[in-house]
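Return a 3D structure for these sequence lines:
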Amino acid sequence: MGSFSLVIEYLTGYAVSTDPSSRERAEWPPHPARVYMAMAAAYFETDGPSDAKRHERDALEWLATLPPPDLVIPPHSVRDVLEVYVPVNDQKGGEALGKRLRKSRTFPRVHVGGEAVRFVWRVDPVAWRDHIRAIEAVCRAVTRIGHSSSLVWMRIEDGDGDRPPTFVPDEQGLSHRLRVPSAGTLARLEAMFNREAIDAYVHLDTQIAASKGAAKRSLRLKQSEAFPHGPPMSRPPVISLHQGYRIPSVAPVRAHPSLFDPNFIVLRAADESGRTFGLESTPRIIDALRGAILSTFGDKPVPAWVSGHEPNGERLQSEPHMAIAPLAFVGSQYADGHLMGFGVMIPRTVPLTDRGRALAALLFDQTTGDSRVITLKLGVLGTWDLVRESAASSKHTLHTGTYTDPSVSWASVTPILLDRMPKSDRVREPLVWREEVAAIISKSCANVGLPEPLSIRVEKTPFFHGSLRAMPGQGGFPQLRKNMFQVHAEIEFDQEVSGPILLGAGRFRGYGLMRPWKVRD
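Here you go, the predicted structure:
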């Protein structure tokens, strides 16, 4: 198996690019998607013979189909982020002559020195040698990656330069999540830029300015019919597909997986919504969100893994189905349990293409491809807007890793609804009752494919500060079924288990959500 390297030298010794999840943090290492977008921009912004441009496009489309590369990252140091004030260039008229406004900006950067960054693909030489010259031509046109001050020299080299990788792709890797391109990325970036529509609008504008009378009116009518919503706009380029990476010197941890895919969909509260709900609103909001998901199918059949029901209407028992779980601010000193969003958790067994077909109408505008605002109707509580979190959030509560990182010990955020009622009396035989509840929870673990727990601690009060008591009442979590007990539990296994983990009879409706538990008695 051969290999080739995409080599990036930062000419000033600094990499200046902002992490998508926080403007106060530099993105490092550079994500393959960012580098790919820089190459796509160079391709679109340069001219050349039609044959050469066709080869460049073919090469870029081929590059996006390759497996994620190994990364060779040089020693580096993160610099402090300073707030600076930048003059505004687009003030109206002569306002800038009297008073030039300044806008607060930050430029997070990393010092990388003179050593190069390498992206290494290990592929058959026969496959990549057909495209290497075209990729080299694109690399020569790339001047920066990230901010305009982040100047680079990019080139292609045969082999990996005898340098061991710093990061290697690993589907189980959750500590390093990097955005990567995929098949069709170049076409999607082109569609987001919307060049043809913009050029057509400008061409009509030029004709209108040069015309008079009836011809001018005819052109204006043509323009309004072609662009009823006004001038077409470019959309910011977004690549939200993430790939896990790990440090190769550390053996990958093969934790026991849960039923659900760790890369679940995060829906956060829209920034402009101004609404706040507590954990006690979980059942009502989940019902509304589930209704919004089902409504997108219209008259089309709803997949069983979405609805939770067989085609004949009976409850789905042959396989797991989609679950919705609350993502609440719990576990820290100042946590108050308010809902920051929800996680839509999909069974691992559901193919990615099926997920896309089923949930695209919920998440994306089918005309423009933009992310949709999901408005939930909550009856007397009004409405609440959710949007898909398309980048790694800076908020710990909205990190998928908060609910999926491998751990031997897990504790409940929301109470576990027991699969059956204990036979013993909780008041008269408290110790026996706890042992019986622990046995029921152990069986619940087996029901979702988890190993047998070493120990189970049962409580009425929550383990995570900010959460609610297990049973309803003052400071309690709503009761899903009147004839069933709800409890909080801390569970310890004899091996690491990865999430997301949901246990008990209400696990598909937000009950029994677990998080890694770090505190020990």
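
Help me confirm that residue 117 comes into contact with residue 70.
No. Taking CB atoms under 8 Å as the definition, residue 117 is not a contact partner of residue 70, at 11.6 Å. Any C-beta I mention is one placed from the backbone N, CA and C, and that applies to glycine too.

neighbour-wise, which of those two wins?
Between residue 117 and residue 70, counting by other CB atoms under 10 Å, residue 117 is the more crowded of the two (25 against 22).

Residue 409 in helix, strand or coil?
Assigned by DSSP: H, G, I helix; E, B strand; the rest coil, the conformation of residue 409 is strand.

Check the burial of residue 162 by counting its neighbours.
For residue 162, using other CB under 10 Å, the count is 5.

can you count the residues close to residue 455?
For residue 455, the count of nearby residues is 12 (other CB under 10 Å).

Equivalent analysis for residue 362, please.
Applying other CB under 10 Å, we find 19 residues neighbouring residue 362.

swap in residue 24?
Using other CB under 10 Å, residue 24 has 12 other residues around it.

what's the spacing between the longest strand belonging to the chain and its chain's center?
For the chain, the longest strand by residue count, based on DSSP state E, is strand 486-497. Distance, stretch centre to chain centre, for strand 486-497: 27 Å (CA atoms, centre = their mean, to the nearest Å).

where exactly do the strands run in the stretch 101-250 of the chain?
Per DSSP state E, counting those that start in this stretch, the stretch 101-250 of the chain carries strands over the ranges 102-106, 109-111, 117-121, 152-158, 168-169, 176-179, 242-246.

As JSON lines, these with mean pLDDT and distance to residue 41 would be great.
Formatted as JSON lines, the strands of the stretch 101-250 of the chain follow (pLDDT from 0 to 100; distance: least, CB to CB, whole Å):
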{"stretch": "strand 102-106", "mean pLDDT": "66", "distance to residue 41": "21"}
{"stretch": "strand 109-111", "mean pLDDT": "86", "distance to residue 41": "20"}
{"stretch": "strand 117-121", "mean pLDDT": "93", "distance to residue 41": "17"}
{"stretch": "strand 152-158", "mean pLDDT": "91", "distance to residue 41": "12"}
{"stretch": "strand 168-169", "mean pLDDT": "88", "distance to residue 41": "25"}
{"stretch": "strand 176-179", "mean pLDDT": "81", "distance to residue 41": "16"}
{"stretch": "strand 242-246", "mean pLDDT": "81", "distance to residue 41": "21"}
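
what separates stretch 469-479 from the chain centre, distance-wise?
On the basis of CA atoms, centre = their mean, stretch 469-479 sits 32 Å off its chain's mean C-alpha point.

Find the residue ranges of the chain scoring beneath the pLDDT cut-off.
For the chain, the stretches with pLDDT under 70 are 1, 21-23, 79-106, 161, 172-175, 249-253, 271-273, 366-370, 390-394, 519-521.

Taking the chain centroid, which residue in it is the extreme one?
For the chain, the residue at maximal distance from the C-alpha centroid (CA atoms, centre = their mean) is residue 213, at 53.1 Å.

For it, which residues are in contact?
Counting by CB atoms under 8 Å, 6 or more residues apart in numbering, residue 213 touches no other residue.

For it, give its distance to residue 203.
Distance, residue 213 to residue 203, using CB to CB, to the nearest Å: 20 Å.

Kindly report the same for residue 455.
Taking CB to CB, one finds residue 455 at 72 Å from residue 203.

Then residue 400?
The spacing between residue 400 and residue 203, counted by CB to CB, is 46 Å.

out of the two, which sits in the more crowded spot?
residue 400 (24 against 11).

what packs against the longest strand of the chain?
Secondary-structure packing of strand 486-497 (3 or more CB pairs under 8 Å, 6 or more residues apart in numbering; DSSP states H and E): strand 407-412, strand 416-417, helix 430-447, strand 455-459.

looking at those, which is buried most?
Of all the helices and strands packed on strand 486-497, strand 416-417 has the most neighbours on average by mean count of other CB atoms under 10 Å, namely a mean of 26.

Relative to the whole chain's centre, how far out is that strand?
On CA atoms, centre = their mean, the centre of strand 416-417 falls 28 Å from the chain's centre.

helices or strands up against it?
Judged by 3+ CB pairs under 8 Å, 6+ apart, strand 416-417 is in contact with strand 486-497.

How far does the next helix or strand after the strand it packs on sit from its chain's centre?
For strand 486-497, the succeeding helix or strand toward the C-terminus, using DSSP states H and E, is strand 514-516. Using CA atoms, centre = their mean, the distance from the centre of strand 514-516 to the centre of the chain it belongs to is 19 Å.

Could you do stretch 27-35 as well?
15 Å.

same check, this time on stretch 153-167
With CA atoms, centre = their mean as the basis, stretch 153-167 stands 28 Å off its chain's centre.

Just the endpoints, please. Distance across it?
22 Å (CA to CA, to the nearest Å).

Identify the residues contacting it?
Under CB under 8 Å, 6+ apart, the answer for stretch 153-167 is 2-9, 11, 29, 39, 70-73, 118, 120, 132, 135-136, 139-140, 142, 176, 178, 245-248.

These, buried ones only, as a PyMOL selection?
In PyMOL syntax, the buried subset of those is picked out as below (16 or more other CB atoms under 10 Å):
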select buried, resi 3+4+5+6+7+8+9+29+39+70+71+72+73+118+120+135+139+142+176+178+245+246
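
Tell me which entries of the contacts of stretch 153-167 lie within helices.
Secondary structure from DSSP state H places 39, 132, 135-136, 139-140 of these in helices.

List the buried residues for the longest strand of the chain?
486-493, 497.

what about dumping the CA coordinates of it to PDB?
What follows is strand 486-497, C-alpha atoms only, in PDB (Å, rounded to 0.1, in the frame of the first residue of the first chain):
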ATOM      1  CA  GLN A 486     -39.000   5.700  39.400                       C
ATOM      2  CA  VAL A 487     -35.600   5.700  41.000                       C
ATOM      3  CA  HIS A 488     -32.100   7.200  40.500                       C
ATOM      4  CA  ALA A 489     -29.200   4.800  40.300                       C
ATOM      5  CA  GLU A 490     -25.500   4.700  40.100                       C
ATOM      6  CA  ILE A 491     -24.200   1.600  38.300                       C
ATOM      7  CA  GLU A 492     -20.700   0.200  38.200                       C
ATOM      8  CA  PHE A 493     -19.500  -2.300  35.600                       C
ATOM      9  CA  ASP A 494     -16.400  -4.500  35.500                       C
ATOM     10  CA  GLN A 495     -15.400  -2.900  32.100                       C
ATOM     11  CA  GLU A 496     -15.700   0.400  30.400                       C
ATOM     12  CA  VAL A 497     -19.100   1.000  28.700                       C
END
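
Tell me the first helix or strand C-terminal of the helix or strand in which residue 353 is found.
Per DSSP H and E, residue 353 falls inside helix 352-363. Using DSSP H and E, the next helix or strand after helix 352-363 towards the C-terminus is strand 373-377.

Quick one: neighbours of the closest residue to residue 498 other than its chain neighbours, just the number.
Closest residue to residue 498 apart from its sequence neighbours, by CB to CB, 6 or more residues apart in numbering: residue 255 at 4.1 Å. Per other CB under 10 Å, the neighbour tally for residue 255 reads 20.

so who does residue 255 touch?
Residue 255 neighbours (CB under 8 Å, 6+ apart): 172, 406, 495-498.

out of those, who's nearest residue 517?
Each of the contacts of residue 255 was scored against residue 517 by CB to CB, and residue 497 proved nearest at 11.5 Å.

Now do the helices in the stretch 251-400 of the chain.
In the stretch 251-400 of the chain, the segments counted as helices under DSSP state H, counting those that start in this stretch are 282-295, 304-307, 352-363.

Redo those helices as TSV? Include distance to residue 19.
Formatted as TSV, these follow (distance: least, CB to CB, whole Å):
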stretch	distance to residue 19
helix 282-295	29
helix 304-307	33
helix 352-363	23
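
And for the residue lying closest to residue 468 once chain neighbours are set aside, the neighbour number?
Once flanking residues are discounted, residue 468 sits nearest to residue 477: 4.3 Å by CB to CB, 6+ apart. Using other CB under 10 Å, residue 477 is surrounded by 25 other residues.
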